[in-house]
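1. quick one, structure for this:
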Amino acid sequence: MTTPHSTPCPEPFLPPDPQAAAGSRIADFARWAARHQGADGIQDPTDYQALHHWSVTDLEGFWAAVWEYFDIDATTPYERVLAEETMPGARWFPGATLNYAHHALRNLHPDAPAITALDETGAAYEITGRQLRARVASVAATLRDLGVVQGDRVVGYLPNTPHAVIAFLATASLGAVWSVCGQDYAPKAAADRFTQLEPTVLVTADGYLFNGTTHDRRTASLELAAALPTLKATVLVDHVGLAWPEGGHSALTVPWEDAATRTEYLAITPVPFDHPLWVVFSSGTTGLPKGIVHGHGGVLLEHLKTLGLHSDLGVGDRLLWYTTTHWMMWNLVVSTLLTGATTCTYDGSPAPVARPDVLWELAACHRVTVFGTSPQYLLAMAKLGIEPSVHDLSAVRAIGSTGSTLPASAYRWVRDHVGAGIQLASTSGGTDVVSAFAGSAPTTPVWAGELSAPNLGVALAAYDGAGRTVVDQVGELVVTRPMPSMPLYFWNDPDGTRYRDAYFSAYPGVWRHGDWITLTSHGSVIVHGRSDATLNRNGVRLGSADIHDIVERLPEIAEALVIGAEEPDGGYWMPLFVVLADGVGLDESLCEKIRDAIRTGASPRHVPDEILAVPAIPHTKTGKKLEVPVKRLLQGAPAEQVLNPSAVDNPDLIAYFAGLGAERRQARRPHTPEGVS
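-> Down below sits the predicted model:
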């Protein structure tokens, strides 16, 4: 992490295909902007760096161009693009009224699939544009009859199926506010989120499918409903065919079939540009999860830019991205509809034991053009020996990956086992902006292990300790100018204190995200991991992701986690925890192989003090390793202050790592001879 990249531009792993780049929507947008928006410096529409430079030096010109290019249909026009640039508090498109749901439904062909619903058995069904509009109209009318008005909250306890998409669009069409979480959350964990919102209606399903098992969530659903005292009604979805108990809840219940099959006219409510669209929640690893509020207009523009330009989606395309409803990728996947493309929902495990390559099979069967996943999935496919290329993936032109750092080895695996011409687009962003800070586009080269470039409209920089911009050196990820999808506010944060503390306390007026990155002189971005989890050995900062990348390439290792813990006596303990592959034992030979790989692939400073085998690594519900909480557990912080069990994929690991810390502290405690006090 401490070694800067050399200044000469390295050869890209995959240069952009000239024909595909010239015919892409982002190149068409660049040509349009040069003609109609006076975009300075854009001589070549495939010159991504020139387009990006314009997008961040002329924010008003760029976002006005996005508005015009995608033909935003506002009920009332905006007065100007950016009335106030100060962060936090930037005011975008004041005066404009519009509605996200209108734009999600307007470009859909009536008889073409708008949603393709998939599950891990390989089953599928389609909902056409006409059917989707009709169901949204019906559910919106039902919600209106149940007393939902503009500004009210409607919440979903739902798997990733069309029911969630329909309920969200119906809610948005009324100007009400949506929030959703998956059914693998316990009722209390879901209530920790939803009680903050004081919702009017809950939409919940009878269960979901995962790894060959149907999970019955009827009792959990009714427990959640009982924990939400503001509910006027609960809409009950029959997804897996389990009968709902009679009289299970005192409040009014409505079957989904009744809610979604009425013949109604869809009357969409125009709302101000910054009217709340949804509330997404932080992982809630400590205390109650933070409710992050985004607006109709900011999400609309940001997602059209991300999906329409960076992902090159349009009418005739299909996007399949594995996600759960409580991950911000669900929100982005729904926005596929804004481009007129088909969005695919998926219920189940990404790699069920019975058919671990089912996602590739479905991508081939349904002619998916953009396939999205996580680094963990791609690495797991490689270790399982899966050969996606046995399926006809000729329609796939790009594979998106996000959630954590994508190692260089995954790029080679995709080339060799999925398809040589497929662009592997690693992205990095967050729930905070419900989008990406950096990623890829049809006009960008791909360097293995790197993100191709900052995204359009994102004034990305790396700051050193003195707040100076650095290139080819590790620094804090910051955004120096506002983005339309930055949060409007946090829920229940009336004076904005928590919001300012979260992003603007380090550098006033500049967004600090909490990641270590390197901006390279050839324009790419390297993400090294969370800055609050940085290893600091003898004053030298090391990136945990750099170590994880190297160790997780070894066939004997399923997953790894490295921690740097300051100790009371001034010492510094840097253990590496490894989850071993099936049938592998941790002996001195494997330990030396791990140490040698780290020494060679990173540096001697990166070699851990100890290597310890553990049963599993704890993650958030969206798959992020819990580095800082594990560090605090090892240091002896009380478990109840460190982690909310409902936010962890395996709550038993809290006690496990707390126990490891206690054992180490006991072993290091000075021995007091008998009789000495």
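2. going forward, measure contacts between C-alpha atoms and count neighbours the same way
-> Fine.
3. and the strand or helix carrying Gly400, how far out from the chain's middle?
-> Gly400 belongs to strand 398-401 when assigned by DSSP states H and E. Its chain's C-alpha centre and that of strand 398-401 lie 13 Å apart, by CA atoms, centre = their mean, to the nearest Å.
4. can you confirm Ala438 is in a helix?
-> No: counting by DSSP: H, G, I helix; E, B strand; the rest coil, Ala438 is not part of a helix but strand.
5. from Lys624, how far out is the closest residue to it other than its chain neighbours?
-> Nearest non-adjacent residue to Ala438, counting by CA to CA, 6 or more residues apart in numbering: Pro454, 4.0 Å away. Plainly put, Pro454 is 22 Å away from Lys624 if you go by CA to CA, to the nearest Å.
6. for the two, indicate the residue with more neighbours.
-> Set side by side, Pro454 and Lys624 show more neighbours around Pro454, with 23 against 15, by other CA atoms under 10 Å.
7. what sits against the closest residue to Asn455 other than its chain neighbours?
-> Counting by CA to CA, 6+ apart, Asn455 lies nearest to Ala438, which is 4.7 Å off, once chain neighbours are set aside. Ala438 is in contact with Thr427, Ser428, Gly429, Leu451, Ser452, Ala453, Pro454, Asn455, Val458, Val525, counting by CA atoms under 8 Å, 6 or more residues apart in numbering.
8. so Cys181 touches Gly156, yeah?
-> Yes: using CA atoms under 8 Å, Cys181 is in contact with Gly156, at 6.4 Å.
9. show me the contact partners of the lengthiest strand in the chain.
-> Counting by DSSP state E, the longest strand found in the chain is strand 511-519. Contacts with strand 511-519, where a contact means CA under 8 Å, 6+ apart, come from 87, 461-462, 470-480, 503-504, 506, 525-532, 543.
10. buried among those residues? Make that a ChimeraX selection.
-> In ChimeraX syntax, the buried subset of the contacts of strand 511-519 is picked out as below (16 or more other CA atoms under 10 Å):
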select :87,461,462,470,471,472,473,474,475,476,477,478,479,480,503,504,525,526,527,528,529,530,531,543
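11. distance of the closest residue to Pro375 other than its chain neighbours from Asp17?
-> Nearest residue to Pro375, sequence neighbours excluded (CA to CA, 6+ apart): Leu406, at 5.2 Å. Noted for Leu406: a distance of 22 Å to Asp17, by CA to CA.
12. quick one, which of the two is more surrounded?
-> Leu406 (28 against 15).
13. where do the strands of the stretch 351-500 of the chain begin and end?
-> Here the stretch 351-500 of the chain has its strands, by DSSP state E, counting those that start in this stretch, at 370-373, 398-401, 423-426, 428-430, 435-439, 453-454, 460-463, 474-479, 489-490.
14. return the most buried member of the ones you listed.
-> Stretch with highest mean neighbour count among these: strand 423-426 (a mean of 28; mean count of other CA atoms under 10 Å).
15. what mean pLDDT does that strand get?
-> Per-residue pLDDT over strand 423-426 has a mean of 94.
16. who does that strand touch, helix- and strand-wise?
-> strand 398-401 (3 or more CA pairs under 8 Å, 6 or more residues apart in numbering; DSSP states H and E).
17. contacts for the strand it packs on?
-> By CA under 8 Å, 6+ apart, the list of residues contacting strand 398-401 reads 311, 321, 369-375, 422-427.
18. what segments of the stretch 251-400 of the chain are helices?
-> 256-260, 296-303, 328-334, 358-365, 375-384 (DSSP state H, counting those that start in this stretch).
19. report the contact partners of Gly175.
-> Contacts of Gly175 (CA under 8 Å, 6+ apart): Asn99, Val149, Gln150, Gly151, Thr269, Pro270, Val271, His275, Leu277.
20. may I ask which of these has the most neighbours?
-> Most neighbours among the contacts of Gly175, by other CA under 10 Å: Leu277, with 31 neighbours.
21. looks like that one contacts Val293 (just checking).
-> Yes: if you go by CA under 8 Å, Leu277 and Val293 touch, sitting 7.4 Å apart.
22. quick one: low-confidence parts of the protein?
-> Along the chain, the parts satisfying pLDDT under 70 run over 1-7, 247-250, 283-287, 531-534, 536-543, 568-571, 669-677.
23. picking up where we left off before, just the CA trace of the strand holding Gly400, in PDB.
-> Provided in PDB are the C-alpha atoms of strand 398-401 (Å, rounded to 0.1, in the frame of the first residue of the first chain):
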ATOM      1  CA  ALA A 398     -20.000  -6.600 -19.200                       C
ATOM      2  CA  ILE A 399     -19.700  -8.100 -15.800                       C
ATOM      3  CA  GLY A 400     -20.100  -5.700 -12.900                       C
ATOM      4  CA  SER A 401     -18.500  -6.300  -9.500                       C
END
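24. parallel or antiparallel, list what pairs with it.
-> Sheet pairing of strand 398-401 (DSSP bridges) gives strand 370-373 (parallel), strand 423-426 (parallel).
25. list of residues touching the last one?
-> When you say that, I think you mean strand 423-426. Contacts for strand 423-426 (CA under 8 Å, 6+ apart): 14, 397-402, 406, 411, 414, 439-441, 446, 450-452.
26. can you do 7 Å?
-> In this structure, residues lying in contact with strand 423-426 by CA atoms under 7 Å, 6 or more residues apart in numbering are Arg397, Ala398, Ile399, Gly400, Ser401, Thr402, Leu406, Tyr411, Gly439, Ser440, Leu451.
27. farthest-apart pair in the residues you listed, please.
-> Spanning the widest gap among the contacts of strand 423-426 are Arg397 and Leu406, at 18.4 Å by CA to CA.
28. which ones among the contacts of Gly175 map onto strands?
-> Counted as lying in strands by DSSP E, out of those, are Val271, Leu277.
29. CSV please, covering the contacts of Gly175 and showing distance to Glu566.
-> Converted to CSV, the contacts of Gly175 look like this (distance: CA to CA, whole Å):
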residue, distance to Glu566
Asn99, 50
Val149, 52
Gln150, 50
Gly151, 47
Thr269, 55
Pro270, 54
Val271, 51
His275, 45
Leu277, 42
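30. of the contacts of Gly175, just say which sits nearest to Asp549.
-> Closest to Asp549, out of all of the contacts of Gly175 and judged by CA to CA, is Leu277, at 37.0 Å.
31. I'd say that closest one and Ala172 touch.
-> Yes: Leu277 lies in contact with Ala172 (CA atoms under 7 Å); the separation is 6.3 Å.
32. chain neighbours aside, what residue packs nearest to Ile557?
-> Nearest non-adjacent residue to Ile557, counting by CA to CA, 6+ apart: Leu580, 4.7 Å away.
33. ok so, going back, redo the strands paired with strand 398-401 as JSON lines? Include distance to Ala114.
-> Formatted as JSON lines, the strands paired with strand 398-401 follow (distance: least, CA to CA, whole Å):
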{"stretch": "strand 370-373", "distance to Ala114": "15"}
{"stretch": "strand 423-426", "distance to Ala114": "24"}
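34. right, so of those strands, which gets closest to Thr219?
-> strand 370-373 (31.3 Å).
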